[in-house]
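K.L.:
Following is a predicted model, sequence given first.
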Amino acid sequence: MESVKILKDLINLKTVNPPGDEIRIVNYIKKFFTKNKIKFKIFAKDKKRPNIIGYLGKGKPRLLISCHSDTVPAGEGWSTNPFKAVVKNKRIYGRGALDDKGPLAALLMAAKEIKKIENNLKGTFLVCIPSDEERGSAFGLKYLINKCKIKPDFAMMPDNAGSMKHISVAEKGVLWLELNSKGKIAHGSRPEKGINAVSNLIEVLNLIKKYNMKFKEHNLLSKPTINLGQIQGGNAPNMVPSIAKAVLDIRFLPSQNPQQILNDIKNLIKKAKNKNKTININVNILEKAQATEVDENNKLIGIIKRITKKTLGFEPKIVGDSGASDAKSLIAKSIPAVGFSFGEGKMFHVANENVKIKELNQFSVVLTEIVKSVLK
Ligand SMILES: [Zn+2]
C-alpha cells in the first residue's frame, strides 16, 4: 500500500530537531512531487532546513494544509529502533509515526488524488511541509508566513491527534517569565551579613502562588494556569546565596492581556518589597504568544464536520487546547487555522509511537474530500 510505504520512508529519514536535517524529507518530497507532476517551491532560511510547498490549482481561495517534517528525539523505552519503521498488528511504529509524519503521508496521498482533478479546482491547494515545528518554527512556518509572503485564506494543521473526533479552534496564550533575584554573598555562619537571594525569591513566589488571575470563563478552554517550571539558586550550604532564578510558565485565556499579567506580577514584587526592603527581583519575558481562537462558524469548520460525518459516520466536536501550535502564527495574521487529525493524543513524544494503518488511510480520504469541498 502506497500510504504505508510513504510513512515508512518518512520515519526512516531521521529528522530529529535539533539539528533537524529536514533537507532529507524535502529531497524525498521533491521526488514525489516531480513524479506526480505537482508544482512546488522550496523556501529555505537555512539550506539544511528547507520548507517545501506543493501547489495544485490556481487563484483564490487558497487552502493550506501543513504537516511538519521534524520530530522530537527518540527518548528512552523503545522496543524497536525508533528510526526504522516497523509494521506490526496493523500499526506502523517509529518516531514521528503520528507527530507529524503520519498526517504528512496522508497529506501526500491526498495531493496525489487531488492532482487527478486539478483542473476542476476553484482556488489553490497549498501542500505545505515546514521544518522546525518542535523548536518554535523560526526556520519553518513562521519564516514562511512572515518572510515568504505565504498567505492562505484557510489553514488546517493536522498535528493534534484526536482520532478525527476533534477540531481544535482555540488555544491558550503563553507567557514565560524569568524572575531574577539579587542578594549579597556572606558566610553561612553569619547570614545577617548577607542578603539571601533564594529566600527573598521564595517570599515573592509564595505571593504569586496565592495570586488569582482575573479572567472571563471560556467555553472551550480550561482556567488559566501558572506553573513554576524552573528554580535555581545557591552554591553551598555554608554560603548566603547572592543570586537565584525562577521561571514561570503562564497559560492564559483570550480574555486576558499578557501585559496586565506582567504588571500584576510586578506589583506583587513591589508588595513583597514593602515588607522586606532587601528584595531585589527583576522580571524578564522569555516567551510571549497571544491566546487565539477561530470563529466556530468558519466555512472550513463546517466542511470538516460535514465530510467527516459523511465519510466516517461521526461529526467531530469543537475543542480548545491548553498547548500552543503552529496555528498561532497564522491566526496572528487573521488567517483562520484549525487543528484536525487522526491518531491518539497519548502517542505524542512517547516511546513506541505508532498509528493505525486504517486511520492513516481514512484520514487521507477525509483530507481529499475536504480539499475538494473547500475548493469547489
Ligand atoms: Zn507536531
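P.N.:
Cool, got the structure.
K.L.:
Give me the residue at the spatial middle of this protein.
P.N.:
Centroid-nearest residue in the chain: S325, 2.8 Å away (criterion: C-alpha atoms, centre = their mean).
K.L.:
Next up, the contacts around that residue.
P.N.:
S325 is in contact with M157, D159, N160, S168, E171, G339, counting by C-beta atoms under 8 Å, 6 or more residues apart in numbering. Where C-beta positions appear, they are placed from N, C-alpha and C, glycine not excepted.
K.L.:
Keep only those of the residues you listed that are in strands.
P.N.:
Counting by DSSP state E, the contacts of S325 place M157, S168, E171, G339 in strands.
K.L.:
I'd like those residues as a markdown table, with pLDDT and distance to I23 appended.
P.N.:
Output for those, formatted as a markdown table (pLDDT from 0 to 100; distance: C-beta to C-beta, whole Å):
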| residue | pLDDT | distance to I23 |
| --- | --- | --- |
| M157 | 96 | 22 |
| S168 | 95 | 30 |
| E171 | 94 | 30 |
| G339 | 96 | 27 |
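K.L.:
The residue in the stretch 251-376 of the chain positioned nearest to the ion: neighbour count?
P.N.:
Of all residues in the stretch 251-376 of the chain, F348 sits closest to the ion, at 7.2 Å by C-beta to the ion. For F348, the count of nearby residues is 16 (other C-beta atoms under 10 Å).
K.L.:
how close does the residue nearest to it when sequence neighbours are not counted get to M347?
P.N.:
Spatial nearest neighbour of F348, excluding adjacent residues (C-beta to C-beta, 6 or more residues apart in numbering): D99 at 5.2 Å. Distance from D99 to M347, counting by C-beta to C-beta, to the nearest Å: 7 Å.
K.L.:
Compare these two and say which one has the larger neighbour count.
P.N.:
The neighbour count for D99 versus M347, taken as other C-beta under 10 Å, is higher for D99 (28 against 16).
K.L.:
Can you show me the helices along the stretch 251-376 of the chain?
P.N.:
Ranges of helices within the stretch 251-376 of the chain are 258-275, 299-312, 327-331, 357-374, based on DSSP state H, counting those that start in this stretch.
K.L.:
The stretch 101-250 of the chain now?
P.N.:
101-116, 141-147, 197-210.
K.L.:
so which of those helices is the most packed in?
P.N.:
Ranked by mean neighbour count, these are led by helix 101-116 with a mean of 24 (mean count of other C-beta atoms under 10 Å).
K.L.:
what angle sits between that helix and helix 357-374?
P.N.:
40 degrees (axes from the mean of the first three to the mean of the last three C-alpha atoms, to 10 degrees).
K.L.:
what does the domain assignment say about the protein?
P.N.:
With domains defined by automatic domain parsing, the chain comprises 2-171+292-374, 178-289.
K.L.:
most packed of those domains?
P.N.:
domain 2-171+292-374 (a mean of 20).
K.L.:
Close to the ion: what parts of the protein are there?
P.N.:
Remark: the part of the chain in contact with the ion comprises D99, D100, D159, using C-beta under 5 Å from the ion.
K.L.:
Go again with 8 Å.
P.N.:
Counting by C-beta under 8 Å from the ion, the chain comes close to the ion at H68, D99, D100, E133, E134, D159, S325, F348.
K.L.:
okay, the last one: pLDDT?
P.N.:
Meaning F348. pLDDT recorded at F348 is 91.
K.L.:
any idea how far I29 is from it?
P.N.:
F348 is 23 Å from I29, where distance means C-beta to C-beta.
K.L.:
which ones are touching N160?
P.N.:
Applying C-beta under 8 Å, 6+ apart to N160 gives the contacts H166, S168, D321, S325, G339, F340, S341, G345.
K.L.:
follow-up on the earlier one: check what pLDDT the residue nearest to F348 gets.
P.N.:
Note on D99: pLDDT of 96.
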